[in-house]
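In: 3D, please:
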Amino acid sequence: MKERNFLDIFFHIWIKFFFLLTPFFSMSVFLSLTKEMDNTEKYKISVRVTFSVIIVSSILYFFGNEIFNIFGITLDSFRIGAGSLLFISSVQMVQGSSVPQLNLKNKDIAVVPLAIPITVGPATTGALLVLGAEVTNSWEKFIGYMALIAASTCVGFLLIVSAQVQRIIGYNGLTILEKLTGLILSALASQIVFTGIKNFLSTGIIN
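Out: Numbering: from 1, shown residues only. Below you'll find the predicted structure:
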């Protein structure tokens, strides 16, 4: 029974983190920025992106409450703000925002812009802070962190096989997956915002 609970909690959190990291949008940008590189260079960049995402996401996940306390922000107010920003990002993704055209010749693109802000953007940052801060149970916090590492690793794996994925599903297929990700993120954003509003209304306190 305990194992089943672990798997249920793990998968529930993993699927949230996976879509928060916008894997298919990241794949599109990765393919655009690495089209002139050979497979070895692409692999090395994919690995660096994965580790960068894990490090940044871990900081956000574990230190959300401390960040809120420093700035005097309540978790529910941040839920509303982060959820709204995530919703805007999801709408842009559904509308098919173009891949940024950047002059990155001879520059290391693993950390910036691929890890930050493409994979872990402002909206994802806010959502990670909220999801990390709202879990206070140590066991669930550990499961959540394992799910976060797994989600980051899955995104890294998709970057490694991105060329093969594009050959199989084509550019249009990748665009469809991006839009589906946007729809899922919009639902997640709405849930985060509504939770914040509900808690505000139930307590009747707005700082």
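In: Could you list the low-pLDDT ranges of this structure?
Out: Within the chain, the stretches with pLDDT under 70 are 1-4, 97-107, 204-207.
In: Show me what the helix of greatest length in the chain is packed against.
Out: Longest helix in the chain, counting residues (DSSP state H): helix 162-203. In terms of contacts (3 or more CB pairs under 8 Å, 6 or more residues apart in numbering; DSSP states H and E), helix 162-203 is packed against helix 2-20, helix 23-33, helix 75-95, helix 122-133. C-betas here are computed from N, CA, C, even on glycine.
In: one more time with 7 Å, if that's ok
Out: Judged by 3 or more CB pairs under 7 Å, 6 or more residues apart in numbering; DSSP states H and E, the packing partners of helix 162-203 are helix 2-20, helix 23-33, helix 75-95.
In: and among those, the most buried is which?
Out: Sort the helices and strands packed on helix 162-203 by mean neighbour count, taking mean count of other CB atoms under 10 Å, and helix 23-33 sits at the top with a mean of 22.
In: orientation of that helix relative to helix 75-95 in degrees?
Out: 60 degrees (axes from the mean of the first three to the mean of the last three CA atoms, to 10 degrees).
In: tilt between helix 23-33 and helix 162-203?
Out: Using the same axes, to 10 degrees: helix 23-33 against helix 162-203 is 140 degrees.
In: distance between the longest helix of the chain and the chain's centre?
Out: Per CA atoms, centre = their mean, to the nearest Å, the displacement of helix 162-203 from the mean C-alpha position of its chain is 10 Å.
In: How about stretch 149-157?
Out: 10 Å.
In: Tell me which residues are up against it.
Out: Counting contacts by CB atoms under 7 Å, 6 or more residues apart in numbering, the residues outside stretch 149-157 that touch it are 14, 17-18, 21, 23, 26, 46-47, 49-50, 53-54, 57, 119.
In: try stretch 120-135
Out: With CB under 7 Å, 6+ apart as the test, stretch 120-135 has contacts from 16, 20-21, 53, 56-57, 60-62, 64-65, 67-68, 75, 78-79, 81-82, 85-86, 89, 141, 144, 192.
In: same check, this time on stretch 55-71
Out: 75, 78, 115-116, 120, 125, 128-129, 132-133, 145, 148, 152.
In: and with 6 Å instead?
Out: Applying CB atoms under 6 Å, 6 or more residues apart in numbering, the contact partners of stretch 55-71 are 120, 125, 128, 129, 132, 133, 148.
In: just stretch 181-194 next, same as before
Out: Identification of contacts with stretch 181-194 by CB under 6 Å, 6+ apart yields 19, 22, 24, 79, 80, 83, 86, 87, 90, 93, 94.
In: Give me the distance between the residue sitting nearest the centre point of the chain and residue 151.
Out: Relative to the mean C-alpha position of the chain, the nearest C-alpha, by CA atoms, centre = their mean, is the one of residue 21, at 2.2 Å. Here the criterion is CB to CB, to the nearest Å. By it, residue 21 lies 6 Å from residue 151.
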